[in-house]
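Chemist: Attaching a predicted model along with its sequence, questions to come.
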Amino acid sequence: MKVVIAAVVITVAIIIFIYFKEIKSYIKMINLDGRQKDFIKDLQPQAQGIFAAFFSRIEKETNYRFYPTSGYRDYAKQAQLHLENSSNAPAGSSMHNFGLAIDGNGVNKETGVFELKKATDKQLWIDSGIPQIAADLGLTWGGNFSNYYDPIHFGFDGVIPIAELQALAASTYGLDPTKVIGNKLNIVV
Ligand SMILES: [Zn+2]
C-alpha cells in the first residue's frame, strides 16, 4: 500500500513539474500580441524565450510596444535582399538566416505612433530603454554596429560566431543554400 502511495505521489510530482515548466513558458508569452508570437515561433527554439522576455519587458517597463518587421529569413530571401541593397548582409551571413535576430519598430503605447524606426536618432532609441533591456538579456543591438547603423536590429551578433553557424549549416544540410533550414539547426545558445 505504501509503495502504491509513494508511486502516486512521485507521479503527481513529476506531472506538476512538467506542467510548471510549460506554464512558465506560457506565462512569458501571455502578454504578447499575435504578431509578436508569429515572429517568435519561427526563431531558434533557444532564442524564443529570450525574445518573448524582450517583448514582454519592453511592454512592461517602457512607453513602447515592439512591432516586429522581420525575423527568420531563409537563405533565398536573404540573397534577394542583398541583391536589392548591397548593405543588406549576403545569404548565410546574417543572424536572421539562423532565426537568431528580429528587426522592429518602437510604437508609442499611448499614441500608437511609430516613433522608433531605422532612421531614428540613436539617442532617442537609447532613451526608450529598449537597448538596455536587450543588453540585459544578452542580445546585441544593431544601433551599436560600427559599419552599419541598424537600430531596429536585435540578435545574437557577436554572441555566436557567424562562421560557426555557417559551418554547422554546411555540415548539416550540405553546400546547396536552398537546402539550408537555418532556424532548425541544432544550435546551443
Ligand atoms: Zn536585422
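Modeler: In hand now; what should we look at?
Chemist: So for the residue in the chain that the ion sits nearest to, what's the pLDDT?
Modeler: Nearest residue of the chain to the ion, counting by Cβ to the ion: His153, 3.4 Å away. No exception for glycine: its C-beta is placed from N, CA and C like everyone else's. At His153, the model reports a pLDDT of 98.
Chemist: okay, now the nearest residue to it once chain neighbours are set aside: neighbour count?
Modeler: Nearest residue to His153, sequence neighbours excluded (Cβ to Cβ, 6 or more residues apart in numbering): Gly142, at 3.0 Å. Around Gly142 sit 21 other residues, with neighbours defined as other Cβ atoms under 10 Å.
Chemist: Please renumber the chain so that the first residue is 454 from this point on.
Modeler: With 454 as the first residue, the last one maps to Gly595.
Chemist: Gly595 is in contact with Ala587, isn't it?
Modeler: No - counting by Cβ atoms under 8 Å, Gly595 does not reach Ala587; the two are 9.7 Å apart.
Chemist: Need the residues touching each of those two.
Modeler: Common contacts of Gly595 and Ala587 (Cβ atoms under 8 Å, 6 or more residues apart in numbering): Phe607.
Chemist: Which parts of this protein are strands?
Modeler: With DSSP state E as the criterion, the chain has strands at 517-523, 554-561, 567-569, 593-594, 606-608.
Chemist: Asp556 and Phe607, how far apart?
Modeler: To Phe607, Asp556 is 8 Å away according to Cβ to Cβ, to the nearest Å.
Chemist: Could you tell me which residues touch both of these two?
Modeler: Taking Cβ under 8 Å, 6+ apart as the criterion, Asp556 and Phe607 both touch Gly595.
Chemist: Looking at the two, which has the bigger crowd around it?
Modeler: Neighbour tally, Asp556 and Phe607, criterion other Cβ under 10 Å: the higher count belongs to Phe607, 28 against 20.
Chemist: State the number of residues packed around Ser539.
Modeler: Considering only other Cβ under 10 Å, Ser539 is surrounded by 9 other residues.
Chemist: And for the one 3 residues further on?
Modeler: Summarising burial for Ala542: neighbours were counted as other Cβ under 10 Å, giving 18.
Chemist: residues contacting it?
Modeler: Per Cβ under 8 Å, 6+ apart, neighbours of Ala542: 531, 535, 549.
Chemist: Could you double-check that Arg518 sits in contact with Ser509?
Modeler: No - using Cβ under 8 Å, Arg518 makes no contact with Ser509, being 10.7 Å away.
Chemist: Residues of the protein that sit close to the ion?
Modeler: 554, 556, 606 (Cβ under 5 Å from the ion).
Chemist: Of the residues you listed, just say which sits nearest to Asp491.
Modeler: Nearest to Asp491 among the residues of the chain next to the ion is Asp556, at 14.1 Å by Cβ to Cβ.
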